[in-house]
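Student: Show me the folded form of this:
(one chain, ligands or ions: 1)
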Amino acid sequence: MGKFSELIREMTIQEKLAQMTQIMGDCFVSQGYGKLMGLSYGFDIPEELAWNIGSVLGMGGAEKLRRVQDLYLSHNRHKIPLMFMCDIIHGYRTIFPSPLAMACTWQPELVEKSARIAAKEASVSGVTVTFSPMADLSRDARWGRSIEGTGEDPFLNSLYAAAFVRGYQGGGVGNPYQIASCVKHFAAYGAAEGGRDYNTTSIGDYDLFENYLPAYQAAVKAGCRLVMSAFNALNGVPCTGNRWLFQDILRKEWGFDGTVITDCTALYELIPHGYSETVEDAAASALEAGMEIEMVSTAFFQKGEELVRSGRISERCLDEAVEHILELKDELGLFENPYKDLDEEKEKQLHLCAEHRAAARDMAAESAVLLKNSGNVLPLSRQQKIALIGPYADSQELLDIWKCEGREEECVSLFQGLKDKADCILCPACGLREGAADLAAARKAASQCDVTVLALGEPPEMSAEAGSRAYLTLPQEQLRLAEAVLETGKPTVVVLFHGRPLELGSLAQKADAILAAWYPGTEGGSALAELLMGERSPSGRLTMCFPHTVGQLPLYYNALPTGRPKQGEQDEERFRSRYLDAPNLPLYPFGHGLTYTSFSYSPVTLSAQVMHPADVLTASVRLRNTGDRAGVETVQLYLRDMGGSRSRPVRMLKDFQRVALAPGEEKTVQFRLGIEQLKYHTPANGFTWEAGAFQVFIGPDACTENGASFRLEPDPQ
Ligand code: NOJ
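Tutor: Model prediction:
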């Protein structure tokens with residue numbers, strides 16, 4: 001008997017089903033407040049549903065939400081407040097870099113801070129739930145939604161998923177300026193075959209438990225209040241009808257006690273999936289699997305009553321769902337104050353305030369990754385004359401399509417950031433989407449200057465949901481522009497604006513420097529100008545590798561070995577696991593990123609050659625700043641398990657430290673390895689350790705060969 005059993009008893013079946021339905025917010029405003037438009041994505045919204053609906057999606061703004069809440073409560077006979085949910089993915093009005101970019105900071109504490117700021121801006125606008133974090137592991141850059149996740153590594157993804165949740169929810173969702181977090185898309189949405197969005201996934205148990213599930217679990221452990229089902233089928237069973245995932249894993253194994261929501265129309269999609277034959281079947285399967293809120297479609301409302309009356313679904317099942325929904329509203333404090341933090345005045349003060357802009361700028365600087373810097377062409381100096389060329393030279397399209405309430409006109413372009421710091425000629429020479437590049441103007445600008453900054457990239461709509469690509473090159477016109485500029489022979493710095501790792505082709509060889517800026521958000525241009533001019537040093541590291549060619553995908557560092565491994569990249573032996581026409585390794589590996597100084601690593605030393613389960617092994621290196629500038633190095637520790645009851649990845653990131661060193665400074669960097677880091681999902685004995693040989697690697701990226709070995713032995717009897 002929960003706190004709401006009385007209220008639930010008083011509700012009709014239709015009222016319960018309406019609580020379990022979510023519609024688009026514009027249903028309430030599209031024909032003026034007070035009139036309902038009646039349709040959401042082509043589904044009928046009768047009045048009896050609208051005035052009992054549990055939550056709406058995609059609507060923000062203090063004034064608007066206050067009016068909708070008032071209107072709704074004046075019609076709802078139980079006075080159950082409406083919940084407003086939104087995709088707040090990397091900021092609400094002040095937009096931070098895309099999640100994949102933020103991940104390249106290797107600083108979960110910064111991500112937590114960004115989520116706290118997003119929650120603050122959202123909450124004063126009346127939004128109480130965000131559909132974030134996206135904890136989907138992504139190994140294939142063709143998948144446009146790679147941009148929304150944090151990359152290819154389960155350990156980092158878990159740290160980030162938990163950081164997002166802590167940032168949004170703080171000490172509790174009822175506290176001022178906190179909102180509830182919904183982790184998505186459960187499960188393994190990022191494994192879409194061929195990188196094609198919404199496509200099916202086939203994943204063995206080992207891969208699922210070791211690589212795909214940990215980040216969702218980390219979000220659940222951090223207390224996220226909602227979980228969203230994924231669009232895809234997992235091993236033949238669509239996630240939205242997958243009882244095993246939601247009941248056995250999420251509820252029973254992980255102890256999740258919050259609310260489960262479907263993805264948008266995913267419930268209806270059980271039919272085209274070939275899983276359910278009718279809307280009725282789809283609703284029944286989703287209810288049995290544990291779906292509690294149906295996003296945007298209305299199968300629950302249409303078919304739920306029939307399902308209960310015919311005995312196919314018990315009313316208890318609806319009651320449990322409604323209880324979770326009401327509990328969430330209660331935790332948010334909506335029964336006492338249906339507006340929570342909604343405040344028109346605070347909205348004006350907080351949105352885009354100086355503090356939030358400064359945090360976005362800091363994040364944009366920390367997330368840029370310096371991929372290449374031949375001859376130390378970067379940083380630039382005030383004495384150099386700079387030709388700033390390319391479609392992103394003065395573009396404010398620095399937000400991806402999950403920009404929420406962010407606006408392009410509020411973004412700082414690269415030119416706006418640079419113009420007061422540098423002697424700079426602006427020559428966009430081509431648009432982001434159409435039209436031939438003005439190659440003559442570009443050549444002329446480049447020839448007149450000492451150095452060219454070429455600002456290139458994908459238009460934002462090429463990434464994110466339904467943004468899958470079979471080719472990952474830059475648009476053809478931009479490649480022609482780059483060729484023309486490079487022909488001038490002037491040193492050239494490429495700044496890339498993009499949602500995912502790209503295939504850079506010959507640009508990777510020909511450009512002198514390449515800075516991956518991603519979609520850097522509201523303050524992108526100011527942060528990038530600081531980096532280019534050396535006022536700050538880049539320190540971002542890739543969390544998703546850059547392939548040489550799209551034909552290598554999926555490509556990820558923590559792959560399983562083969563029986564015929566290639567012996568180094570020069571190995572030409574035919575009968576190896578290799579391509580005849582492309583390398584095995586990526587162009588830029590996981591963990592890669594340069595700065596304006598250099599570092600040297602000593603060989604790895606271990607505190608012992610044999611470790612027992614109760615021991616802590618320490619692994620260390622001496623790290624030295626060998627350049628003439630201060631810098632931050634992200635020192636990474638990888639493990640390899642050399643034998644066991646199944647084969648394990650060639651490298652697994654287990655820890656990392658960001659170390660700041662002055663020029664010439666040297667430091668011992670020490671890691672502690674305990675038995676928990678050596679455990680895995682064994683085929684026969686669950687999550688445990690196995691005795692045997694291990695290798696530890698410590699270095700600047702996942703390709704490091706700087707290693708040492710030890711054995712894990714059982715405790716002496
Ligand atoms: C569909 C997307 O897959 C999901 O991530 C998002 O939260 C919902 N639409 C709501 O916009």
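Student: what does the stretch 351-500 of the chain have sitting close to the ligand?
Tutor: Taking CB under 6 Å from any ligand atom as the contact definition, the stretch 351-500 of the chain meets the ligand at residue 465. Every C-beta, even on glycine, is put in place using the N, C-alpha and C of the backbone.
Student: any idea how far the residue of the stretch 351-500 of the chain found nearest the ligand lies from residue 291?
Tutor: Closest approach of the stretch 351-500 of the chain to the ligand (CB to the nearest ligand atom) occurs at residue 465, with a separation of 5.5 Å. Computed with CB to CB, to the nearest Å, the distance linking residue 465 and residue 291 is 20 Å.
Student: Looking at the two, which one has more neighbours?
Tutor: Set side by side, residue 465 and residue 291 show more neighbours around residue 291, with 27 against 16, by other CB atoms under 10 Å.
Student: Now do the residue nearest to the more buried one when sequence neighbours are not counted: how many residues are near it, please.
Tutor: In this structure, residue 291 finds its nearest non-sequential neighbour in residue 262, 5.1 Å apart by CB to CB, 6 or more residues apart in numbering. Here the neighbour count serves as a burial measure; for residue 262 (other CB under 10 Å) it reads 29.
Student: my read: residue 404 touches residue 96, true?
Tutor: No. Taking contacts as CB atoms under 8 Å, residue 404 lies outside contact range of residue 96: 10.6 Å.
Student: Compare these two and say which is more crowded by neighbours.
Tutor: The residue with the greater number of neighbours, taking residue 404 and residue 96 and applying other CB under 10 Å, is residue 96; the counts read 34 against 24.
Student: thinking that one is in contact with residue 361, fair?
Tutor: No. With contact defined as CB under 8 Å, residue 96 does not count as touching residue 361 (9.7 Å).
Student: shared neighbours, these two?
Tutor: Taking CB atoms under 8 Å, 6 or more residues apart in numbering as the contact rule, residue 96 and residue 361 have no neighbour in common.
Student: CA atoms only: put stretch 365-378 into PDB for me.
Tutor: As requested, the backbone C-alpha atoms of stretch 365-378 are provided in PDB (Å, rounded to 0.1, in the frame of the first residue of the first chain):
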ATOM      1  CA  ALA A 365      38.000  25.000 -24.400                       C
ATOM      2  CA  GLU A 366      38.400  21.800 -22.400                       C
ATOM      3  CA  SER A 367      36.600  19.600 -24.900                       C
ATOM      4  CA  ALA A 368      38.400  20.600 -28.100                       C
ATOM      5  CA  VAL A 369      41.000  18.000 -29.100                       C
ATOM      6  CA  LEU A 370      44.200  18.900 -30.800                       C
ATOM      7  CA  LEU A 371      44.600  16.000 -33.200                       C
ATOM      8  CA  LYS A 372      47.700  17.200 -35.000                       C
ATOM      9  CA  ASN A 373      50.200  20.000 -34.600                       C
ATOM     10  CA  SER A 374      53.200  19.600 -37.000                       C
ATOM     11  CA  GLY A 375      56.100  22.000 -36.500                       C
ATOM     12  CA  ASN A 376      54.200  23.600 -33.600                       C
ATOM     13  CA  VAL A 377      52.200  25.800 -36.000                       C
ATOM     14  CA  LEU A 378      49.900  26.300 -33.100                       C
END
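Student: How about residues contacting it?
Tutor: Outside of stretch 365-378, the residues within contact range by CB under 8 Å, 6+ apart are 97, 101-105, 107, 110, 451, 491, 493, 508, 511-518, 520, 527-528, 530-532, 534, 536, 538-542, 546, 588, 592-596.
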